[in-house]
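Q: Turn this into a structure:
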Amino acid sequence: MADGEALPFPPDSFDLILCGSAFIWMADLPSTLMHWKSRLKPHGRVGFHAFSGDAFIAGVVAQRILLKHSIAYLMNQPTGTVEKCRKLLEQAGYENIEVIEDKNGSYIGLEEAKQGWARLLYPAPGQYPHPLARVTAEQMARVQADYDHELERLNTDRGVWNDMTTFHVFGEKPSNP
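A: Numbering: from 1, shown residues only. All right, here's what the predicted structure looks like:
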């Protein structure tokens, strides 16, 4: 095993670097992409899996509600659209960029959606200390009540729409980086 943000290999070591769903957990996405590019051989390819900015309704609603309470809890911000994924690779100096959008999702029950609140205590990508570490119990109760209210507002007779759109993102290291 190795740290995905600091691969312990010399430059020009790989033809291909792939990262599954872990990409959004990297602390500094642009720096990680630059590091990976340095480890790729010329014309080597990188690929990662990312999520839409609307993926995982519990997280989307939580971000919006927390921001109303002046708490920054960032998820999917840099990878939330096809354009953002493409821009990340362009800024890191990749070429022949391809972003494949896989639209998917389903309705979930209101109670299942509300249970997403517990996931907010999981690690927050690139955010140390955790954004909720300094929130008082009283503040947390107010935020959770707003969260529940927002999900109730989004609930339909079919449930709450849970977007699961994903992006499969690929780029190539130029021959003269």
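Q: Confirm that D54 sits in a helix.
A: No - in this structure, D54 is coil, not part of a helix, as judged by DSSP: H, G, I helix; E, B strand; the rest coil.
Q: list the contacts for it?
A: 60, 80, 163, 165 (CB atoms under 8 Å, 6 or more residues apart in numbering). (Each C-beta comes from the backbone N, C-alpha and C, glycine too.)
Q: By residue count, what's the longest strand in the protein?
A: Longest strand of the chain, by residue count under DSSP state E: strand 40-51.
Q: How many residues are close by the residue lying closest to K84 once chain neighbours are set aside?
A: Residue nearest to K84 in three dimensions, not counting chain neighbours: P78, with 6.0 Å by CB to CB, 6 or more residues apart in numbering. Around P78 there are 20 other residues, counting by other CB atoms under 10 Å.
Q: Check the one 5 residues further on too.
A: The local packing of E83 (other CB under 10 Å) involves 9 other residues.
Q: Quick check: what element follows the helix or strand that contains it along the chain?
A: According to DSSP states H and E, E83 maps onto helix 82-91. Counting by DSSP H and E, the next helix or strand C-terminal to helix 82-91 is strand 95-102.
Q: angle of that next one against strand 40-51?
A: 20 degrees (axes from the mean of the first three to the mean of the last three CA atoms, to 10 degrees).
Q: Tell me which stretches of the protein form helices.
A: Assigned by DSSP state H, the chain shows helices spanning 29-39, 57-68, 82-91, 110-115, 137-154.
Q: Please list the outside residues in contact with the fourth one.
A: By CB under 8 Å, 6+ apart, the list of residues contacting helix 110-115 from outside reads 57-58, 61, 147-148, 151-152, 154-155, 159-160, 162.
Q: give me that answer again for 6 Å
A: With CB atoms under 6 Å, 6 or more residues apart in numbering as the test, helix 110-115 has contacts from 57-58, 148, 151, 155, 160.
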